[in-house]
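K.L.:
following is a predicted model, sequence given first.
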Amino acid sequence: MANYDVIVLGLGAMGSSTSYQLAKQGLHVLGIEQFSEAHALGSSHGKTRLIRKAYFEHPDYVPLLQKSYELWHEIEEFSQEKLLHITGLTVFGNPDSQIIKGIKSSRDAFNLPVNEISSAEAQRWNKTFMVPQGFVGLEEPGAGFLEVEKCIVAYLKVARRLGAKLKFQEPCLSWGADSSGVWVQTAKEKYSAKKLVIAVGAWTSQVIEELKLKLEIRRVPQFWFQGKNSFDVSEIQTCFAFDMPYGFIYGFPRFSNSRDIKVAIHKPGARVSDPNQIDRQLTSLDHQWVSQFLADVLPDLDPIPTEGSVCMYTMTPDEHFVIDQHPRFDHVFLAAGFSGHGFKFAPVVGKMASDWAVGSKDLELKRFLRFRPNLF
Ligand SMILES: Cc1cc2nc3c(=O)[nH]c(=O)nc-3n(C[C@H](O)[C@H](O)[C@H](O)COP(=O)(O)OP(=O)(O)OC[C@H]3O[C@@H](n4cnc5c(N)ncnc54)[C@H](O)[C@@H]3O)c2cc1C
């Protein structure tokens, strides 16, 4: 007989929010994680993640983002933690940049507050940034950043308070499903439940090998920089992003948990065949484009990083997510392939998984479910 209503495999971004949502529905939840709480070995570490609504990736994401904002505020309230910082985000690029066009198309489709900064105004935008000639800017005042590890800790804390059992340092070695439910064999014990949610990030292809999903793991470094010549980094107060010829570079202001300025490139790096074997050593090649950007646009920052860490993107072929019921087992749900832009959606992914678990007919979210045939 099943011991739990739902087992959640993986307690990173998606698994922690799912555990919370399920426990909030009154379900008997078991969460299983191979590493420690809010660890730095997957895809959800590095202090900050951008959140924005004028989504250049596709306007279809906007309703999910609206719901996500609402749910981020909910978990802030329940956990009594400040997780979401609204600082505004200004994105610069050539007027014909796909990113600039994409932001405008989401803005126009949903009438979102986004202010245009003309090319002439961009030159005077901020004395700290040397905005490239001809670039225009789009300022989204409601955008900002999330404190990534703190969000996961908050979700786990509230999930536990609501009765979820959470196990750490306990890798799942195998799992199975039949008409009576699901089972999970970990390095310590065998558990059973009525349903299973798999949210194992970069390990998805290992955990559900039989589906042969076309997911690619990519190595992505992130870096922090300090001011040079006594430049005070607290002069940078908003999130910023530039669509440069060498890639999309973005950064965050300094805040209580970050002495320096984080700047990173949104670009899938080297392919990783096994997430357990990823090269975590950083070299100057890892920050060449970010350092180039600092020389070109933010010369008051020292281009030699003070800190860095290696993270992973799990890419789908079209960079959209895979969130749906398993094609063969109707009591197994998968959330994967977040392609380097999933964190801001963690609350809504947890909500989708819990709606699925209780058989809710929440059509607003349900229309985003997919198991794309081209992923097999
Ligand atoms: C450098 C970088 C910058 C990013 N910037 C942004 C951004 O600005 N905005 C944004 O929205 N998104 C951003 N992202 C993407 C976002 O962080 C990810 O999409 C999201 O965190 C993925 O969450 P996840 O739950 O799928 O994976 P994870 O958080 O990695 O969770 C998966 C968990 O499953 C566990 N697990 C795996 N296998 C097993 C097993 N066999 N048994 C038990 N547990 C297991 C893992 O240990 C891990 O804890 C960025 C990503 C990176 C790497």
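P.N.:
Sure, I can see it.

K.L.:
which bits of the stretch 201-350 of the chain sit near the ligand?
P.N.:
Contact residues, the stretch 201-350 of the chain versus the ligand (C-beta under 6 Å from any ligand atom): 201, 203, 207, 220, 222, 264, 311-313, 338, 340-344. (Each C-beta comes from the backbone N, C-alpha and C, glycine too.)

K.L.:
nearest spatial neighbour of Phe56, chain-adjacent residues omitted?
P.N.:
Take Phe56 and drop its neighbours on the chain: the residue closest to it by C-beta to C-beta, 6 or more residues apart in numbering is Gly102, 2.9 Å away.

K.L.:
where's the residue of the stretch 1-150 of the chain found nearest the ligand relative to Asp108, distance?
P.N.:
Nearest to the ligand in the stretch 1-150 of the chain, going by C-beta to the nearest ligand atom, is Gly12, at a distance of 1.9 Å. Distance from Gly12 to Asp108, counting by C-beta to C-beta, to the nearest Å: 34 Å.

K.L.:
and if you look at Glu74?
P.N.:
Taken as C-beta to C-beta, the span from Glu74 to Asp108 is 29 Å.

K.L.:
the more surrounded of the two?
P.N.:
Neighbours per residue, other C-beta atoms under 10 Å: of Glu74 and Asp108, the larger number sits with Glu74, 15 against 12.

K.L.:
check the secondary structure at the more buried one for me.
P.N.:
With DSSP: H, G, I helix; E, B strand; the rest coil as the basis, Glu74 sits in helix.

K.L.:
how about the helices in the stretch 201-350 of the chain?
P.N.:
204-207, 288-297, 346-358 (DSSP state H, counting those that start in this stretch).

K.L.:
how about the shortest one: buried residues?
P.N.:
Residues of helix 204-207 classed as buried under the neighbour-count rule (16 or more other C-beta atoms under 10 Å) are Thr204, Ser205, Val207.

K.L.:
if you skip the residues just before and after it, what's nearest to the first one?
P.N.:
For Thr204, ignoring the flanking residues on the chain, the nearest one in space by C-beta to C-beta, 6+ apart is Ala336 at 4.2 Å.

K.L.:
how many other residues sit next to the residue of the stretch 101-250 of the chain found nearest the ligand?
P.N.:
Per C-beta to the nearest ligand atom, Gly201 is where the stretch 101-250 of the chain lies closest to the ligand, at 2.6 Å. Under the neighbour criterion other C-beta under 10 Å, Gly201 is assigned a count of 26.

K.L.:
can you list the domain ranges for this protein.
P.N.:
Per automatic domain parsing, the domain ranges recorded for the chain read 4-46+149-213+318-375, 84-144+216-315.

K.L.:
quick one: low-confidence residue ranges for the stretch 151-300 of the chain.
P.N.:
Along the stretch 151-300 of the chain, the model assigns pLDDT under 70 to no residue.

K.L.:
tell me which of the residues of the stretch 201-350 of the chain next to the ligand fall in strands.
P.N.:
With DSSP state E as the criterion, strands contain Val220, Gln222, Ala264, Cys311, Met312, Tyr313 from among those.

K.L.:
now do the contacts for the closest residue to the third one other than its chain neighbours.
P.N.:
Closest residue to Ala264 apart from its sequence neighbours, by C-beta to C-beta, 6+ apart: Gln222 at 4.3 Å. Contact analysis of Gln222 by C-beta atoms under 8 Å, 6 or more residues apart in numbering lists Gly46, Lys262, Ala264, Gly308, Ser309, Cys311.
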